[in-house]
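Q: I'd like to go over a predicted model; first the sequence, then the structure.
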2 protein chains.
Amino acid sequence: MEVDGDFNKEKLLGRSFVFEALDGQARQELASFAYVKRFKSGETIFSMGATGQSMMAIAEGTVRVSMLTPSAREITLNDLQSGEVFGEIALLDGGERSATVKALTNCTLIVLERRSLLDVLQRNPKLSIHLIELLCHRVRRSDERMIEIAFLELPVRLARLLLRLTEAAPGSADRPLKKLSQSQSELAGMTGNTRENVNRCLRKWQKAELIELRDGWLILEDRQALEKIAAGE
Amino acid sequence: MEVDGDFNKEKLLGRSFVFEALDGQARQELASFAYVKRFKSGETIFSMGATGQSMMAIAEGTVRVSMLTPSAREITLNDLQSGEVFGEIALLDGGERSATVKALTNCTLIVLERRSLLDVLQRNPKLSIHLIELLCHRVRRSDERMIEIAFLELPVRLARLLLRLTEAAPGSADRPLKKLSQSQSELAGMTGNTRENVNRCLRKWQKAELIELRDGWLILEDRQALEKIAAGE
């Protein structure tokens, strides 16, 4: 028979952003539905791809969050300690686990099931609306980061790349070269961005007459302007 | 007096992922609350930083979505055409507009106010739960992309960078160099990633004895292993 021990379930689960959306009564109610589950060192808590129906707070121990890359290599994303929470998105949407979590030591977890949360949300529409706002906050932060990567960092990085490729080109007497044969996909790979964003950026530069795109060549028309962009000006 | 014209408001607003969460009755009801608003070419529809309380669907015309960079440069994020929607996150959370939207041509917009949506959600807790699931889907996609950038692309890119820097180093007789003096922040900038992720990756390589970090130097211990990583193996 499992004994819940002396863990403050409300406090441990309260670290989750999901609990930020709840009022005192809902927190207490949900914490009372949560239960204790123990895992031995080395045991799998859940596997990537499995259907998720709960979130967990770590009362004791350490877990390792990992995933398989497309080439089946295992990478560690994070090690989580007591006081930390995981699995919140699956709690909210019942979707697949996006990573595997294993017990690195013997662990005591507080488990909150999705059906308990749904029960509370059904009776409190305001809590759902607050949860929507918190999720929007997360979407906004991600969107900002994506915009930074795509629009703020890309032009600087792409300009630097074009300058470097034309300077470093081997087998040519007159450097810097005036033209390049790299494809937009190759340039995307080298800047760590998408082909779409690279294309958008190059077309903008073509319009401003910094470069020209002709017969599969990328021709540098205004090296000085590209140097300014590369310097972040 | 504003006339609504013949626009199919339900169909136009239906392009938004918010409407995916709604049932037929809620869609009809919300569409009936939406109204037509016209803007002349060049007019600002809303400005970045303003409080948002609505989403818009474009019935006629084209709008330009732009933002100011930290250095006060204006960049165009997107041009949206008739049939497209914008401002959904502010509809859901009433937060700040994350970009400026201007009319590029004379425009007819269908406007849906946040208070109309809240009214419907208050009465239909299931719709909120569905909206939460749709937002989670978006959070998952963003998280996946962030993981790709931080964990899958970084090692390949960082290994390539270290190899390139040690090969291309000028002013040295024996190349490739065995050590580098670039800081982790510099390496982060060059790979388009954060210093934290670069540090995490380097420490992992140090543990596996591919590199060593000593007295501010980064020493390449196992060039062959780094070449394998750079090749995506």
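A: On my side now, so go ahead.

Q: Quick check: phi and psi at the nearest residue to A:L77 once chain neighbours are set aside.
A: Take A:L77 and drop its neighbours on the chain: the residue closest to it by CB to CB, 6 or more residues apart in numbering or on different chains is A:V65, 4.6 Å away. C-betas here are computed from N, CA, C, even on glycine. When read as degrees, to the nearest 10, the backbone of A:V65 gives phi -100, psi 120.

Q: my read: A:L91 touches A:V18, true?
A: Yes. Taking contacts as CB atoms under 8 Å, A:L91 lies within contact range of A:V18: 6.5 Å.

Q: so what sits against both of those two?
A: A:M55, A:L117 (CB atoms under 8 Å, 6 or more residues apart in numbering or on different chains).

Q: Name the helix or strand of chain A that has the lowest mean pLDDT.
A: Scoring the helices and strands of chain A by mean pLDDT, DSSP states H and E places helix A:184-191 at the bottom, with a mean of 81.

Q: Contacts for that one, please.
A: By CB under 8 Å, 6+ apart, the surrounding residues in contact with helix A:184-191 are A:L154, A:R157, A:L158, A:L161, A:Q182, A:T194, A:R195, A:N197, A:V198, A:N199, A:L202, B:G192.

Q: For B:L112, see how far away the residue nearest the centre of chain A is.
A: With distances taken as CA atoms, centre = their mean, the residue of chain A nearest its centroid is A:S142 (7.7 Å). For A:S142, the distance to B:L112 equals 24 Å [CB to CB, to the nearest Å].

Q: Which residues belonging to stretch A:26-36 are considered buried?
A: The neighbour-count check on stretch A:26-36 (16 or more other CB atoms under 10 Å in any protein chain shown) flags A:A26, A:R27, A:E29, A:L30, A:A31, A:A34, A:V36 as buried.

Q: Please list which of those residues are also close to chain B.
A: Among the buried residues of stretch A:26-36, not one lies near chain B by CB under 8 Å from any CB of the partner chain.

Q: and the biggest helix by length in chain A, what does it pack onto?
A: Longest helix in chain A, counting residues (DSSP state H): helix A:125-147. Under the contact criterion of 3 or more CB pairs under 8 Å, 6 or more residues apart in numbering or on different chains; DSSP states H and E, helix A:125-147 touches helix A:17-20, helix A:114-123, helix B:88-93, helix B:114-123, helix B:125-147.

Q: what bits of chain A have low per-residue confidence?
A: Confidence mapping of chain A against pLDDT under 70 gives the ranges A:1-5, A:71, A:168-174, A:233.

Q: And the strands in it?
A: A:35-39, A:44-46, A:54-60, A:63-68, A:74-80, A:85-86, A:100-103, A:107-113, A:179-180, A:211-214, A:217-220 (DSSP state E).

Q: possible to save the ones you listed as TSV with distance to B:E212?
A: As requested, the strands of chain A are exported to TSV (distance: least, CB to CB, whole Å):
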stretch	distance to B:E212
strand A:35-39	36
strand A:44-46	34
strand A:54-60	34
strand A:63-68	25
strand A:74-80	21
strand A:85-86	33
strand A:100-103	29
strand A:107-113	34
strand A:179-180	36
strand A:211-214	41
strand A:217-220	39
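
Q: mind checking which of those is nearest A:K11?
A: Using CB to CB as the measure, strand A:54-60 is the one of those that comes nearest A:K11, at 8.9 Å.

Q: hmm, who's touching that closest one?
A: So strand A:54-60 is in contact with A:5, A:7, A:9, A:12-13, A:15-16, A:18, A:34, A:36-37, A:45, A:80-88, A:90-91, A:101, A:106-114, going by CB under 8 Å, 6+ apart.

Q: What about the nearest residue to A:G49 once chain neighbours are set aside, how many residues nearby?
A: Nearest residue to A:G49, sequence neighbours excluded (CB to CB, 6+ apart): A:E96, at 5.5 Å. A:E96 has 14 neighbouring residues, counting by other CB atoms under 10 Å in any protein chain shown.
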